[in-house]
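Participant: please find the sequence and the predicted model below.
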Amino acid sequence: MRILSVDFGVARTGLAICDSSERLASPVGTLFQKDRERLLEQVTEKVEELGAGAIVVGHPRNMDGTRGESARLAEDFAQRLQTRTGLSVTLWDERLTTVSAIGFLNQTDTRGKKRKQVVDTVSAVIILQDYLDSRKNREN
């Protein structure tokens, strides 16, 4: 099954998708949308366009595990996405994914405007790959 990953953000939202064998997460792109209703429509369109059968939304909990405003916004978005698409939507702990994404972009010497445009997409790939690896480890 193809799974879409969403790194929800107030201004930028990164997307990634996996192959049907659920082995490899690949970047889809970043949506630059501040209007949450329009963002919901755009993500729903991507779900349909890419044939996703499930969705993973990054859950930005604080380092101590508590939920802040960003986590609550992601929870609300995930719930609305599940209602809109009828698909299973899983919230996935995304602590440190942005740090990992920035580290990767540093290694590839991606800087400036280009970095800002891709960091959320890279984060979505990391969230999805972590989710896929976790599922695989539970099966073994």
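Facilitator: Good, I have the coordinates.

Participant: okay, now the unreliable bits of the protein?
Facilitator: For the chain, the stretches with pLDDT under 70 are 96-117, 139-140.

Participant: change it to 80
Facilitator: Low-confidence segments of the chain (pLDDT under 80): 62-63, 65, 95-119, 137-140.

Participant: how about the strands of it, start to end?
Facilitator: Here the chain has its strands, by DSSP state E, at 3-7, 12-18, 25-32, 54-59, 88-93.

Participant: so what does the longest helix along the chain touch, helix or strand wise?
Facilitator: Looking across the chain with DSSP state H, the single longest helix is helix 112-139. With contacts taken as 3 or more CB pairs under 8 Å, 6 or more residues apart in numbering; DSSP states H and E, helix 112-139 sits against strand 3-7, strand 12-18, strand 25-32, strand 54-59, strand 88-93, helix 97-107. Heads up, the C-betas are built off the backbone N, CA and C, glycines and all.
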